[in-house]
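1. sequence first, then the predicted structure:
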Amino acid sequence: MRLAIISDIHSNMEAFQQTLADIKNSGVDLIVNLGDSVGYGPEPEAVIAVIQKEGIPVLDVDQIIDITLNQMREEFRSSRGKRYHTHPKTCALFEHEYEVPISDDDWKKTADNMELCLRNFYASETFERLKELPRKMWLEVENFSSFNMNNTKI
């Protein structure tokens with residue numbers, strides 16, 4: 001499933017309409033809104049009307065955590081089944097390839113750490129600053145088949 005995540009519309013209907021047009025032309029299955037739809041921009045009512053008309057869900061941090069936890073479970077099961085051997089772009093955990101046991105307590109600790117990290121991130125000044133960056137400064141990793149990091153092809 002292809003997912004588009006939007007946020008920080010800030011009542012800017014013109015930019016919102018262009019974004020929706022781009023999303024619709026890219027084969028996205030689901031649009032999710034992380035919030036900040038209205039605010040200091042000129043057209044809050046119009047933005048809300050389009051969000052409602054399009055049925056775009058607005059997520060809060062708890063919903064983001066639920067989605068992430070479900071994704072972790074799915075990827076853990078996929079990795080445990082060694083699906084990565086036949087589907088190279090799926091999750092592969094070192095522990096599964098080398099058959100290192102992972103206890104339920106260890107998995108729970110990882111899930112708890114994920115929740116803490118997400119809650120801290122969404123409450124941080126860093127997140128607030130990132131939301132202000134223009135889209136042209138975003139690096140969307142999903143658009144690359146590979147990229148280099150520290151002279152290593154990933």
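-> Yes, it's here. In this text the structure is predicted, and so the values were computed from the model without any measurement.

2. after the lowest-mean-pLDDT helix or strand in the chain, next one along is what?
-> Across the helices and strands of the chain, mean confidence by mean pLDDT, DSSP states H and E is lowest for strand 148-149: a mean of 68. Once strand 148-149 ends, the next helix or strand along the chain (criterion: DSSP states H and E) is strand 152-153.

3. partners of that following strand in the sheet?
-> strand 148-149 (antiparallel) (DSSP bridges).

4. give me the pLDDT for residue 139.
-> Note on residue 139: pLDDT of 58.

5. for the strand or helix carrying residue 32, the averaged confidence score.
-> Under the criterion of DSSP H and E, residue 32 resides in strand 30-33. Taken as a whole, strand 30-33 has a mean pLDDT of 86.

6. what is that strand packed up against?
-> Using 3 or more C-beta pairs under 8 Å, 6 or more residues apart in numbering; DSSP states H and E as the contact test, the elements touching strand 30-33 are strand 3-6. Backbone N, C-alpha and C define where each C-beta goes, glycine included.

7. can you list the strands that the strand it packs on pairs with?
-> Sheet pairing for strand 3-6, using DSSP bridges, gives strand 30-33 (parallel).

8. just checking, next helix/strand downstream of the partner strand?
-> Next helix or strand after strand 30-33 toward the C-terminus (DSSP H and E): helix 44-54.

9. can you tell me how far residue 83 sits from residue 75?
-> The spacing between residue 83 and residue 75, counted by C-beta to C-beta, to the nearest Å, is 9 Å.

10. now for these two: what residues contact both?
-> residue 90 (C-beta atoms under 8 Å, 6 or more residues apart in numbering).

11. residue 117 and residue 110, how far apart?
-> 10 Å.

12. got it, and residue 44?
-> 40 Å.

13. more neighbours, these two?
-> Shown here are residue 44 and residue 110; by other C-beta atoms under 10 Å, residue 44 has more neighbours (17 against 13).

14. state the distance from the more buried one to residue 51.
-> 11 Å.

15. identify the contacts common to the two.
-> In contact with both residue 44 and residue 51: residue 37, using C-beta under 8 Å, 6+ apart.

16. what count of nearby residues applies to residue 4?
-> Residue 4: 18 neighbours (other C-beta under 10 Å).

17. skip the chain neighbours and tell me the closest residue to residue 38.
-> Nearest non-adjacent residue to residue 38, counting by C-beta to C-beta, 6 or more residues apart in numbering: residue 44, 3.8 Å away.
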